[in-house]
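**Q** Curious how this folds, go ahead:
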Amino acid sequence: MRHGRRVVITGIGLITPVGVGTELTWGRLLEGRSGLGAITRFDASDFSVQIAGEVSDFDPLQWVAKKEARHMDRFIHFAIAASQMAFEDAGLTDPLPDPERCGTLIGVGLGGLESLEAAASTLASRGPRRLSPFMIPQLIANLAPGQVSMRLGTRGPNLSSVSACATGAHSVGDAARLIAWGDADLMVAGGAEATITPLGIGGFAAMKALSTRNDDPQGASRPFDSARDGFVSSEGAGVVILESLERATARGAKIYAELAGYGQSSDAHHITQPAPDGRGARAAMQLALDDAGLNPSDVDYLNAHGTSTPAGDIAETKAIKSVWGEGASSLWVSSTKSMLGHMLGAAGSVELALCALALKCGAVPPTINLSDPDPECDLDYVAHEARERALRATLSNSFGFGGTNVSLALKAFS
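**A** Next up, the predicted model:
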């Protein structure tokens, strides 16, 4: 980053619809495997949308005692598990030697809908005296970082960001700035979401934001394809350990990548639709590149927001072309939402982590289901199969309702 200390990624924890764990998620994405399927967490037979990206084979009791787990919403379970994975991946010890210099910033887009729905049902059927004293701590967003902080012993900054589908990216970018500016030396940063509930699916379906391809869940998320009809809602968490370069090198930490640039903007256009010319996305990307000291030609891979919505994919493509100009044709772009669905508040941090893995491994996950590209989406979207090459720098885009935009730039560490 232009101002302050250098920030690096030393640990990654991922819980996604394609797998519980970073290695499993990364391997399956490179194979082009979809994690989308029929909804099983509730009876969706009366809903117009009956598909989602659920996290299967997840047992919160691997990370949380049974008595405590009952008093937490699912998004908190995800946050704790992903953070513990990242903590261990970074080779950190408990207790931390300098806990006051270590913080937690985990964002959540919508909070505990499952707990909210259950409490509303209790209130309606049994009255206010039967509400649980744990109801509020179960569902408020900042209990994700709060619970993580208590478990990992981080006593520095402890907060939660909320910016719709840009939440996870804002969380990582803001955490990096805390380190760059000297307010912390280490941050546990990312996003979590668990909104595959009647309210979550029903609300997005009422907006006509979701794909209704119920007979083909794995083919439903198809960014940049002419037949796309909306995104597929999914759940999970992505957490990274950010450290100052000085701290990471002093303890001999493994370094995935340097988080070098952070750009933010607003479309100032519409509550849900992007600016058609992509002006906000363009501004965020350019600011991230400037912050990182990169030219567009230095970037080899861009993980697109790429939600599979008709307007969003076109606007993002226009924005990329306006920043890269003639060089856009040589840029590799892919949308991992084609396999993961849209993890909402967790999407940005998961995709940022995937960019770090791409830099470390020299591999780029594909965009699946891109069988008939939209004529207005004419970039190289790494269709169908993963590719390999040494990467110098990557960019991760995240855009949210309300016109909020974030881009994060990573550099290969050397």
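
**Q** got the contact list for the residue nearest the centre of the chain?
**A** What sits nearest the mean C-alpha location of the chain, by Cα atoms, centre = their mean, is Ala347, with 2.2 Å. Ala347 makes contact with Cys165, Gly168, Ala169, Gly191, Glu193, Lys337, Leu340, Ser398, according to Cβ atoms under 8 Å, 6 or more residues apart in numbering. All C-beta atoms are positioned from the backbone trio N, CA, C, and that covers glycine.

**Q** Can you flag which of those residues belong to helices?
**A** Judged by DSSP state H, those include Gly168, Ala169, Lys337, Leu340 as members of helices.

**Q** Now do the first one: how many residues are near it, please.
**A** To tie it back to what came earlier, the one meant is Gly168. 38 (other Cβ atoms under 10 Å).

**Q** Please determine how far it is located from Gly327.
**A** 28 Å (Cβ to Cβ, to the nearest Å).

**Q** One more: the last one?
**A** As judged by Cβ to Cβ, Leu340 and Gly327 stand 28 Å apart.

**Q** okay, these two: which has more neighbours?
**A** Leu340 (30 against 13).

**Q** I'd say the more buried one and Gly35 touch.
**A** Yes: proximity of Leu340 to Gly35 meets the contact threshold set by Cβ atoms under 8 Å, at 6.0 Å.

**Q** which residues do the two both contact?
**A** Thr16, Pro17, Val18, Gly53, Ser234.

**Q** Can you tell me the closest non-neighbouring residue to the last one?
**A** Looking back up the chat, that one is Ser234. Leaving aside its chain neighbours, Ser234 sits nearest to Gly53 (2.6 Å; criterion: Cβ to Cβ, 6 or more residues apart in numbering).

**Q** in the stretch 51-200 of the chain, which spans are strands?
**A** For the stretch 51-200 of the chain, the strands defined by DSSP state E, counting those that start in this stretch cover 51-52, 102-108, 158-159, 186-193.

**Q** mind listing what's buried in the helix or strand where Val350 lies?
**A** Element membership for Val350 (DSSP states H and E) is helix 347-361. The neighbour-count criterion (16 or more other Cβ atoms under 10 Å) identifies 347-360 as the buried residues of helix 347-361.

**Q** ok, which stretches of the chain are helices?
**A** Under DSSP H, the chain gives helices at 22-30, 66-69, 74-89, 113-126, 135-139, 143-152, 167-180, 198-206, 245-250, 279-292, 310-324, 337-340, 347-361.

**Q** picking up where we left off before, if I read this right, the residue nearest to Ser234 contacts Leu344, doesn't it?
**A** No: with contact defined as Cβ under 8 Å, Gly53 does not count as touching Leu344 (10.3 Å).
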